[in-house]
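>>> Next come a sequence and a model predicted from it.
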Amino acid sequence: MRRSSIIIILFLIFPWLLAAQTMVLDWADDEYELQVILPGETEAMGIDELSDAGIDIYADGLPVGSVISTNNTYAEFYLEPNGSILKLSKDTEFSVFQLENNDGKSNEFTLSGKLRMVAAKATGSSKSRYNIRTESVVCGVRGTDFILDSITGNAYLKEGAINLLDEVSGAVIDLVPGQGSNLFGGTFTSFEIDPGMLADLWDQMSFKNLIPADVPGAPADEGTEGTSEESGSVEEVPGAEEGTAVAAEESALTKFLRDNLGFEIGSITIDGQTYAKAVIQPEFKIGKLGLALYLPVIYTENLFDPADWHHPDGNDEWSFGTDQSGWENILTDVLSDLFLKIKYVKWGDNRDKFFFSAGNLDDMTIGHGMLMKNYSNNSDFPAIRKVGFTIGADLGKFGFEAVVTDLSDLEIFGGRLYTRAGKLAFGFSTIVDINPQDSVDPLLMVTDNFGDPIFFNVGLDLDLSIIETDAFGIYAYADVGAMLPYLREDASIGGETVNAGFRFDAIVNYDNGNLDWQDRIKNIGFKAGLAGNVSIVDWLAEFQFFKGTFRPAFFDATYNHLRGQYVVQTLNYLASLDDLTSTGPDYTMGIYGEAKVSILGKINIELGYRYPWQYENGNVSMGDDDYLHVGLEVIKGTIPILGLYGSIYYDRTGFIPTLTGKDGFENFGLFDGNTVFGGELVYPIAPTLELALLFSRTVKQVNGITQYKANGQPIIVPSIGIETRINF
């Protein structure tokens, strides 16, 4: 693929201005996402830090020499006094090298990302011009509305004329409205843009506050447009009828609905049964605060018959206590049903000094992940829906993280406290599952009593920051953890009795004084490693050591599917403590590596794998606890022609043993209870209409009760849905 050093030359001829140009921020959907590196500085500053430094980019504009990064927000700027406007997309870096002044110098910019610009039309004998340097395309523009994407190498033209120049080869072509061009295709030629695609491109980059029709020389000034649909404002047009104001109000309402309200209709297969569904999804964002609701009706035949609706996990989520008796049950059901309507509510993210998030949570990790890593509470969504909660604060010398996996059913929760001395941090973590027996196969409890256990997982950690920069960072860490079971009542399994209470002997064997101390300590784990980032890659590499039933990342993506089996394993372990030769491997060691790559903010790739080897009676073999994590996400707008986007994920415990048919894994498959798998593929039909294919594997339930195979594994069934998404 050929990449060129390219210049965009935008010749905008307007009356000669004695005042210097200024590039002023007008709007951002989340101004706290904006980062600016000031001239002569190396560290980025946020909006508050700029204000503390006496710089108001809303009033005074960007100082010449600044570099602005949008991160996860859109931002709109206007050039004063000539009136041109531009919109920067998310994950865009825009540099202001030079702005025109009264000595006739041109405006000089560089772009890495995507922008839309509505340029003031050329008039008179002005020598004003704009140079935008990218790595993809070269444009010369006169009074134009265009989109430029340096990542994909595409330029799209809606109004005006563009002259494209490849500075390396010297090739030149001209674009007219409705055409585009791409330098990455190997040939420097133009192509016609499908009208639907053109509308979609401009819809994605529509202005929120600024009005394209107000730009000098824009089509509306010439009487070709009467209303600015993007802003909802009213333009006076000769011969306009009374009703223009009404149309403008309707346009503003349409814009609000498009930005804040989603609607889905389609079908979904759950437990082998196909349902129809209609879902309203309002979504709002104010600064760092985001809120989205999930209001579904999933039904078999009659949308208006509540008795015909699907009840996830056996719960009638629209009853709000009317199907309960007793004020405690009524209140619990009301709160549970309300929680299930929350898709998410969040403030900031875990990079901030303070953050919280509630709802569908895909990646819950506490600390370095010794106890909880990549835990997801929506792996069985929408067949089973849960509302999780995380919160964290960094208060300087100390901080905390906390997590609840399901607010409507408080079973798994915990957190981490940490303190910091310089670059060294020390933390304590605990994650508790108070009802793992809820996932045990009921048939197993006919012959055995598992004692209604509680899993207490505790851990200590240290980390040392070595290098901290945006381009390169590295830190070292070490963690130790243990799983301490508590039995509410005496248990029996396989004819053996296990006493109730805290089973400290699960960790330390006190009875056999002839054992070395390292053999007396069981059910623990240790890991140490390095982690950091190199440019766009976040990486991690660690050594692991664990014994008994504990393992690093005890609560991972597959935990919900396997927690019942962990109860059986734990009781077998406790019943066998007196016979140390039958408690499993002496110990297991492993290497875990992980990498996360974001390619130009358009494609996100995650890959992680743990390779374990176990020692048992002097023999060494591959362990059963290998773990594979794969994730791929293609952001909307990345594929310019078809517009396809989506995501896929796969998490698997026991991956290699299943492939090789190792003893105990002969009847397992790559999509059984050890697996979490799913994703979606979305095709945008029109600016407001998308067709989505959703797929996942979920546990089979009947009236809220999980179904199991003969080997004790939960039955996993496909969940496939096709839905139409209407974005108004």
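Great, that's in hand.
>>> so what's Asn154 bridging to?
Asp149, Asn182 (DSSP bridges).
>>> Can you list the buried residues in the helix or strand where Leu659 lies?
Leu659 belongs to helix 655-660 when assigned by DSSP states H and E. Within helix 655-660, the residues that count as buried by 16 or more other CB atoms under 10 Å are 655-658. (Glycine included, C-beta is placed from N, CA and C.)
>>> For Val432, grab the count of nearby residues.
A total of 17 residues lie near Val432 under the criterion other CB atoms under 10 Å.
>>> One more: Thr549?
Using other CB under 10 Å, Thr549 has 21 other residues around it.
>>> That one in helix, strand or coil?
At Thr549 the chain is in coil, as set by DSSP: H, G, I helix; E, B strand; the rest coil.
>>> Equivalent analysis for Arg563, please.
Arg563 is classified as helix under three-state DSSP.
>>> Asn435 is in contact with that one, correct?
No. Checked against CB atoms under 8 Å, the pair Arg563 and Asn435 is beyond contact range at 9.2 Å.
>>> what about these two, which has more around it?
Arg563 (21 against 15).
>>> For that one, give me its contacts.
Residues touching Arg563, when contacts are defined by CB atoms under 8 Å, 6 or more residues apart in numbering, comprise 433, 436, 439.
>>> Quick check: of these, which has the highest neighbour count?
Counting by other CB under 10 Å, top hit in the contacts of Arg563: Asp433 with 25 neighbours.
>>> Could you pull up the contacting residues of that residue?
Counted by CB under 8 Å, 6+ apart, Asp433 has contacts 411-412, 454-455, 555, 563.
>>> rerun that using 6 Å as the cut-off
Contacts for Asp433 were tallied using CB atoms under 6 Å, 6 or more residues apart in numbering; they are 412, 455.
>>> and it, what are its phi and psi?
Phi and psi for Asp433, reported as degrees, to the nearest 10, are phi -120, psi 110.
>>> how far away is it from Tyr609?
Asp433 is 25 Å from Tyr609, where distance means CB to CB, to the nearest Å.
>>> Domains in the protein, by residue range?
Annotated domains of the chain cover 6-240, 302-338, 341-526+552-579 [automatic domain parsing].
>>> now the helices for the protein?
In the chain, the helices defined using DSSP state H lie at 47-52, 195-204, 244-260, 327-339, 444-447, 517-520, 559-575, 655-660.
>>> Quick one: closest of those to Asp461.
Nearest to Asp461, of all the helices of the chain, is helix 559-575, at 19.9 Å by CB to CB.
>>> those strands in the stretch 501-650 of the chain, which residues are they?
Using DSSP state E, counting those that start in this stretch, the strands of the stretch 501-650 of the chain run over residues 501-502, 524-534, 537-546, 587-599, 603-616, 619-622, 627-634, 645-653.
>>> unless I'm mixing things up, Phe668 is touching Thr660, no?
No. Phe668 is not in contact with Thr660 according to CB atoms under 6 Å; the separation is 11.0 Å.
>>> Kindly reformat the domains of the chain as a markdown table and extend each row with mean pLDDT and distance to Lys596.
Listed next are these as a markdown table, based on pLDDT from 0 to 100; distance: least, CB to CB, whole Å:
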| stretch | mean pLDDT | distance to Lys596 |
| --- | --- | --- |
| domain 6-240 | 74 | 15 |
| domain 302-338 | 80 | 31 |
| domain 341-526+552-579 | 86 | 10 |
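>>> Please name the nearest non-neighbouring residue to Gly590.
Pro612 (3.6 Å; CB to CB, 6 or more residues apart in numbering).
>>> Kindly provide the distance from the one you found to Thr497.
Counting by CB to CB, the gap from Pro612 to Thr497 is 32 Å.
>>> what's stretch 676-684 in contact with?
Contacts of stretch 676-684 (CB under 6 Å, 6+ apart): 200, 379, 557-558, 643-648, 650-651, 671, 690-694, 696-697.
>>> how about it: buried residues?
Result for stretch 676-684 [16+ other CB under 10 Å]: buried residues 676-679, 682, 684.
>>> got it, and stretch 331-349?
Neighbour-count burial for stretch 331-349, with 16+ other CB under 10 Å as criterion, is recorded at 333, 336-337, 339-340, 342-348.
>>> coming back round to it: so for Leu303, which of the strands of the stretch 501-650 of the chain sits nearest?
That would be, of the strands of the stretch 501-650 of the chain and by CB to CB, strand 645-653, which comes in at 27.4 Å.
>>> coming back round to it: redo the domains of the chain as a markdown table? Include distance to Ile599.
Putting those into a markdown table (distance: least, CB to CB, whole Å) gives the following:
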| stretch | distance to Ile599 |
| --- | --- |
| domain 6-240 | 9 |
| domain 302-338 | 36 |
| domain 341-526+552-579 | 16 |
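>>> Mind checking those for the one nearest to Gly618?
That would be domain 341-526+552-579 among the domains of the chain, by CB to CB, at 13.5 Å.
>>> Tell me how far Phe526 lies from Phe502.
Distance from Phe526 to Phe502, by CB to CB: 22 Å.
>>> ok, the two, which is more surrounded?
Per other CB under 10 Å, whichever of Phe526 and Phe502 has more neighbours is Phe526, with 17 against 13.
>>> Now do the same contact list for Ile722.
So Ile722 contacts 266-267, 693 (CB under 6 Å, 6+ apart).
>>> try Gly367
Taking CB under 6 Å, 6+ apart, one finds 416, 427, 429, 461 in contact with Gly367.
>>> Show me what the third one bridges to in the sheet.
In this structure, Ser429 bridges to Arg416, Gly459 when assessed by DSSP bridges.
>>> I figured it was touching Arg416, is that so?
Yes. Counting by CB under 6 Å, Arg416 is a contact partner of Ser429 at 4.1 Å.
>>> Give the residues shared as contacts by the two.
Common neighbours of Ser429 and Arg416 (CB under 6 Å, 6+ apart) are 366-367.
>>> Leaving out chain neighbours, which residue sits closest to the residue nearest the centre of the chain?
By CA atoms, centre = their mean, the chain has its centre lying nearest to Asp362, at 7.4 Å. Nearest in space to Asp362, with sequence neighbours left out and distances taken as CB to CB, 6+ apart, is Ser376 at 5.1 Å.
>>> from what I can see the one you found touches Asn360, true?
No. In this structure, Ser376 is not within contact of Asn360 by CB under 6 Å, at 8.6 Å.
>>> Compare the two (neighbour count), which wins?
Applying other CB under 10 Å to Ser376 and Asn360 shows that Ser376 carries more neighbours, namely 24 against 19.
>>> Let me have the contacts of Arg563 in CSV, extended by distance to Leu165.
Shown next, in CSV, are these (distance: CB to CB, whole Å):
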residue, distance to Leu165
Asp433, 63
Pro436, 66
Ser439, 64
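>>> Out of those residues, which comes closest to Trp539?
For those, the nearest to Trp539 is Asp433 (30.3 Å; CB to CB).
>>> circling back: now the contacts of stretch 676-684: which count as buried?
Buried, going by 16+ other CB under 10 Å: 200, 379, 557-558, 643, 645-647, 650-651, 690, 692, 694, 696-697, out of the contacts of stretch 676-684.
>>> of these, closest to Lys353?
Ala557 (28.0 Å).
>>> Now do the contacts for that closest one.
374, 376, 651, 676.
>>> from the residues you listed, which single one is nearest Phe450?
Val676 (24.4 Å).
>>> Distance-wise, check the closest one relative to Ala557.
Val676 is 5 Å from Ala557, by CB to CB.
>>> With Val568 instead?
20 Å.
>>> next one: Ser112
Ser112 is 34 Å from Ala557, by CB to CB.
>>> Check Ala478 too.
24 Å.
>>> same deal with Trp613?
Taken as CB to CB, the span from Trp613 to Ala557 is 23 Å.
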